[in-house]
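J.: Sequence and predicted model, in that order:
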Amino acid sequence: MSRELAHSSARVLEFDSLRHLLRGYASSPLGQQRIAALAPTTDRDWIQTQQELALEIREFRRVGGRFDFSGLIDVGQLVDKSRIAGAALETTEIRDVILVVDRAAEWREIALHPPANMKSDWQRVRALSGQIADFTEFLRHFRNKIQPDGTLEDKASPELARIRRDNRVHARRQVRPAFGIDVCSIHREDRRIPRRADFIISFIRSQIPPGDPAASSGR
């Protein structure tokens, strides 16, 4: 926004209260930051653009258009960090960047293909959204590789899958002598029982003395 007013009647008109009220409708930290930066201006072109954007989005909502803005954060600092030689983003930070990029790509598609039953023009929204890059290849590279909690899927890379597979084999070899049980030879009667629960049940049964009623009851 340009030509911000040095002196205005914003206080008399309770502009701060209005801005605070407007922030309550923003469902993301990114949107709240943009609203907090709003200030009175004499830039007629900017005012006209915002009015037209509001009209187009109102029509979008009227015909049932929806978009989830919740949870969007400013990832500018994370992107700057990724440009530093030798620096690395944590998986949770990569997850946050992917979330914002994925939402941006979703909105880009909406801007390119708005609902067909809209009556008003979509010119301002399309022009603004045209600044969003095509992230198709970026998202394809990271698709289904990071879980919501920030941990990596086994299939994130062949090397990671090999390391985790070796770790599981090593863990089984450590458990076997510790409990005196060959966990590889345990036959699961019900495949629906999780592996960990199945192992615990087998271990408990192995500790019940012969002839104990619990052994024959299967409890």
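T.: Now that the structure is in, tell me what you want to look at. Remember, it's a predicted structure, so these values are computed and weren't measured experimentally.
J.: C-alpha only now, for contacts and for neighbours.
T.: Will do.
J.: Ile132 contacts Glu109, doesn't it?
T.: No. Contact criterion C-alpha atoms under 8 Å: Ile132 and Glu109 do not qualify, at 10.1 Å.
J.: Let me see the domain layout of the chain.
T.: For the chain, automatic domain parsing gives the domain ranges 1-40, 43-155, 158-217.
J.: what is the rounded mean pLDDT of the first one?
T.: What it means is domain 1-40. For domain 1-40, the mean pLDDT works out to 82.
J.: can you check the second one too?
T.: Taken as a whole, domain 43-155 has an average pLDDT of 87.
J.: What segments of the protein are helices?
T.: Using DSSP state H, the helices of the chain run over residues 15-23, 29-36, 44-62, 76-82, 91-112, 123-129, 136-142, 158-179, 195-207, 213-217.
J.: Can you spell out which helices and strands pack onto the third one?
T.: When contacts are defined as 3 or more C-alpha pairs under 8 Å, 6 or more residues apart in numbering; DSSP states H and E, helix 44-62 sits against helix 123-129.
J.: So which residues lie in contact with the helix it packs on, not counting its own?
T.: 49, 52-53, 56-57, 107-108, 111-112 (C-alpha atoms under 8 Å, 6 or more residues apart in numbering).
J.: And these, which is closest to Asp68?
T.: Taking C-alpha to C-alpha as the measure, Asp68 lies nearest Trp107 of those, at 9.5 Å.
J.: What is the burial count for that closest one?
T.: Number of residues near Trp107 (other C-alpha atoms under 10 Å) recorded here: 19.
J.: Now do the contacts for it.
T.: When contacts are counted by C-alpha under 8 Å, 6+ apart, Trp107 touches 67, 129.
J.: Roughly how far does it sit from Glu137?
T.: 16 Å (C-alpha to C-alpha, to the nearest Å).
J.: same check, this time on Leu78
T.: Counting by C-alpha to C-alpha, the gap from Leu78 to Glu137 is 20 Å.
J.: same thing with Ala54?
T.: 32 Å.
J.: ok, Arg11 to Ala39 distance?
T.: With C-alpha to C-alpha as the criterion, Arg11 and Ala39 are 11 Å apart.
J.: Looking at these two, which is more packed in?
T.: Taking other C-alpha under 10 Å, Arg11 and Ala39 do not tie; Ala39 has more neighbours (14 against 9).
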